[in-house]
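> Just a sequence and a predicted model for now, questions to come.
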Amino acid sequence: MLGPIWPWVFLDEPVTIYEISGGVITLLAVAAFTIYSRNPRVPSSN
């Protein structure tokens, strides 16, 4: 996940908008999954 960051940090390579947007999408997906999985739905027994 941090693969695109290392060249920017160590080699001064510019980061493109596509890399930033891909990272944001990935982080949001991981955060949503984590939040959703912390409170699993319990089926009601009617």
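Received it, and whenever you're ready, just let me know what you need. Numbers count the residues shown, from 1 in each chain.

> For residue 43, see how far away residue 19 is.
41 Å (CB to CB, to the nearest Å). For every residue, glycine as well, the C-beta is placed using N, CA and C.

> quick one: average pLDDT of the longest helix anywhere in the chain?
Criterion DSSP state H: the longest helix present in the chain is helix 17-38. For helix 17-38, the mean pLDDT works out to 89.

> From the contact counts, what lies against it?
Using 3 or more CB pairs under 8 Å, 6 or more residues apart in numbering; DSSP states H and E, no helix or strand is in contact with helix 17-38.

> Sort out which residues of it are buried, please.
By neighbour count with 16 or more other CB atoms under 10 Å, helix 17-38 contains the buried residues residue 23.

> Nearest the geometric middle of the chain, what residue?
residue 27 (1.5 Å; CA atoms, centre = their mean).

> measure it to residue 20 for me?
11 Å.

> now the longest helix of the chain, how far from the chain's geometric center?
In this view, helix 17-38 has its centroid 3 Å away from the chain centroid, taken as CA atoms, centre = their mean, to the nearest Å.

> Let the chain start at 765 from now.
Okay, residue one is now 765; in that scheme the one you just asked about reads as helix 781-802.

> Alpha carbons only: can I get that helix in PDB?
What follows is helix 781-802, C-alpha atoms only, in PDB (Å, rounded to 0.1, in the frame of the first residue of the first chain):
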ATOM      1  CA  ILE A 781      -2.900  12.800  -8.800                       C
ATOM      2  CA  TYR A 782      -3.700   9.200  -9.800                       C
ATOM      3  CA  GLU A 783      -1.400   7.800  -7.100                       C
ATOM      4  CA  ILE A 784      -3.000  10.200  -4.500                       C
ATOM      5  CA  SER A 785      -6.500   9.300  -5.500                       C
ATOM      6  CA  GLY A 786      -5.800   5.600  -5.600                       C
ATOM      7  CA  GLY A 787      -4.300   5.800  -2.100                       C
ATOM      8  CA  VAL A 788      -7.300   7.800  -0.800                       C
ATOM      9  CA  ILE A 789      -9.700   5.200  -2.300                       C
ATOM     10  CA  THR A 790      -7.700   2.400  -0.700                       C
ATOM     11  CA  LEU A 791      -7.600   4.000   2.700                       C
ATOM     12  CA  LEU A 792     -11.300   4.800   2.600                       C
ATOM     13  CA  ALA A 793     -12.100   1.200   1.700                       C
ATOM     14  CA  VAL A 794     -10.000  -0.200   4.500                       C
ATOM     15  CA  ALA A 795     -11.500   2.300   7.000                       C
ATOM     16  CA  ALA A 796     -15.100   1.400   5.900                       C
ATOM     17  CA  PHE A 797     -14.400  -2.300   6.100                       C
ATOM     18  CA  THR A 798     -12.900  -1.900   9.600                       C
ATOM     19  CA  ILE A 799     -15.700   0.200  10.900                       C
ATOM     20  CA  TYR A 800     -18.400  -2.100   9.400                       C
ATOM     21  CA  SER A 801     -16.700  -5.300  10.700                       C
ATOM     22  CA  ARG A 802     -16.400  -4.000  14.200                       C
END
